[in-house]
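# Got a predicted model here, sequence first, then my questions.
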Amino acid sequence: MGRIYFDNAATTPLDPAVLETMLPYLTEKFGNPSSIYSYGRENRMAIEQSRKTVARLLHAQPAEIFFTSGGTESSNAAIRAAVQDLGCRHIISSPLEHHATLHTIAYYQQRGEAELHFLNVLPDGHLDLEQLDNLLQGLDGKALVSLMHANNETGNLLDIHTAAALCQKHHAIFHSDTVQTLGHYALDLSKLPVHFITGAAHKFHGPKGIGMLYINQAIKVKPNIHGGSQERNMRAGTENVYGIVGFAKAMELASERMEEDAAYIKNLRMYMADELKKNIPTVHFNGDAFGKTLYTILSVSFPKTEKSEMLLFNLDINHICASGGSACTSGAQQGSHVIRAIYPDSERTTVRFSFSRHNTRDEVDEVVTKLKTLV
């Protein structure tokens, strides 16, 4: 049997049409975008055209879109800017964020540059937004609120419009890690009062190593990397031209197919949940699995037994790719900080299955059959 890939929240396969768009920039269009002759100018044009495409799809201004190396760099840059350039002395976040956010805010706390406040996690894995309102009300000094749009492990969706409105009401800076939702949900930044959002092309069938940071033009921040005028003086260094072109193409395709893909993947996800319930009665679903949740992720837990402790390993031996939590820690078996924060006393084994339009019901059937023997 071939490999079954159910770890699309970690990364997705590159779309052939995206590769095709990138190839000329890896071969004959090799000019440096900062050079003034035609070889350079065609690359500069490709970058600016890509920026316009991304801005159009997000209902933003091209001047608000900055290309980065990925979601981690984008979140780092946004948090640094909020603390060091915008004078945020308080950071409100949650224990469920990606480490790109958690480790960065901890760094500024340890340096004494910002005070940290965590929102309470409700039993279904959502965050207490009433507490956000109260916290913002009671703080003296400027605050940064950093909350992810969709959790990368449970799939829980933040009510981003409510969070943004609360930040607006209390004049707080709002950063949302939208890495899991960009390319999967239509975001209209003309209607969403957010200061920073992030994206990574490899989560929606684009290349790895290219990301995006949106910076609302109402705020002024200093360069993230010094030494050149690239990215409108914000990020020095020769641009990743083929990555940028690939990002824009992947986003364009994702937005064209969004409704169709979302319907297909939602259906597949529900099919897997139903099959698991039918075949493995002891199964649980983490977070708000059948409520406000990301349609690409199904986080499943099984009772802890000698067999289930080796579950991921055994799935791998059977050519089934899934994750124990977040991809960025899949090599380290210390368990998931997200699952721990929602279910502090749980002794269960968690597996995250995440889907793309390339997955099928036959694959789901095969995985469920295999799980019956492994759990």
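Structure's in. What do you need? The structure displayed is predicted, hence computed values, not measured ones. Numbers count the residues shown, from 1 in each chain.

# Near residue 263, how many residues? Count them for me, please.
11 (other Cβ atoms under 10 Å). Every C-beta, even on glycine, is put in place using the N, C-alpha and C of the backbone.

# which element is it on?
Secondary-structure element containing residue 263, defined by DSSP states H and E: helix 241-279.

# Residues touching the helix or strand that that helix is followed by, excluding its own?
Note on helix 241-279: by DSSP H and E, the next helix or strand toward the C-terminus is strand 284-285. Contacting residues not belonging to strand 284-285 are listed as 273, 298-302, 348 [Cβ atoms under 8 Å, 6 or more residues apart in numbering].

# re earlier: need the mean per-residue confidence for the helix holding residue 263.
Here the mean pLDDT over helix 241-279 is 98, rounded to a whole number.

# same for it, what does it pack against?
With contacts taken as 3 or more Cβ pairs under 8 Å, 6 or more residues apart in numbering; DSSP states H and E, helix 241-279 sits against helix 16-22, helix 38-58, strand 65-68, strand 297-302, helix 361-374.

# Relative to the third one, what are the paired strands and their orientations?
I take that to be strand 65-68. Strand 65-68 sits in its sheet next to strand 211-215 (antiparallel), going by DSSP bridges.

# Tell me the first helix or strand C-terminal of the strand it pairs with.
helix 230-233.

# Name the residues of that following helix that are buried.
By neighbour count, and taking 16 or more other Cβ atoms under 10 Å as the criterion, the buried residues in helix 230-233 are 230-231.

# Same check on stretch 116-131?
By 16+ other Cβ under 10 Å, the buried positions in stretch 116-131 come out as 117-119, 121, 125-127, 129.

# Spit out the contact partners of residue 204.
Taking Cβ under 8 Å, 6+ apart as the definition of contact, the neighbours of residue 204 are 12, 182-184, 250-251, 254.

# Excluding chain neighbours, give the residue nearest to it in space.
Distances taken as Cβ to Cβ, 6 or more residues apart in numbering put residue 183 closest to residue 204, at 2.9 Å, once the chain neighbours are dropped.

# What's the first helix or strand after the least confident helix or strand in the chain by mean pLDDT?
For the chain, using mean pLDDT, DSSP states H and E, the weakest element among its helices and strands is helix 306-309, scoring a mean of 83. The first helix or strand that comes after helix 306-309 along the chain, using DSSP H and E, is helix 311-317.

# Residues contacting the helix or strand following that next one, please?
Remark: after helix 311-317, the chain's next helix or strand is strand 320-321, criterion DSSP H and E. With contacts defined as Cβ under 8 Å, 6+ apart, strand 320-321 is touched by 3-7, 315, 367, 370.

# Most widely separated two among these?
Pairwise distances among the contacts of strand 320-321 were taken by Cβ to Cβ; the largest, 15.3 Å, belongs to 7 and 370.

# which of the residues in stretch 173-192 are buried?
173-185, 187, 189, 192.

# Could you point out which of the residues you listed is nearest to residue 154?
Nearest to residue 154, judged by Cβ to Cβ, of the buried residues of stretch 173-192 is residue 180 at 10.6 Å.

# how about the strands in the stretch 51-200 of the chain?
If DSSP state E, counting those that start in this stretch is used as the criterion, the strands of the stretch 51-200 of the chain fall at 65-68, 90-93, 115-118, 143-146, 173-176, 196-200.
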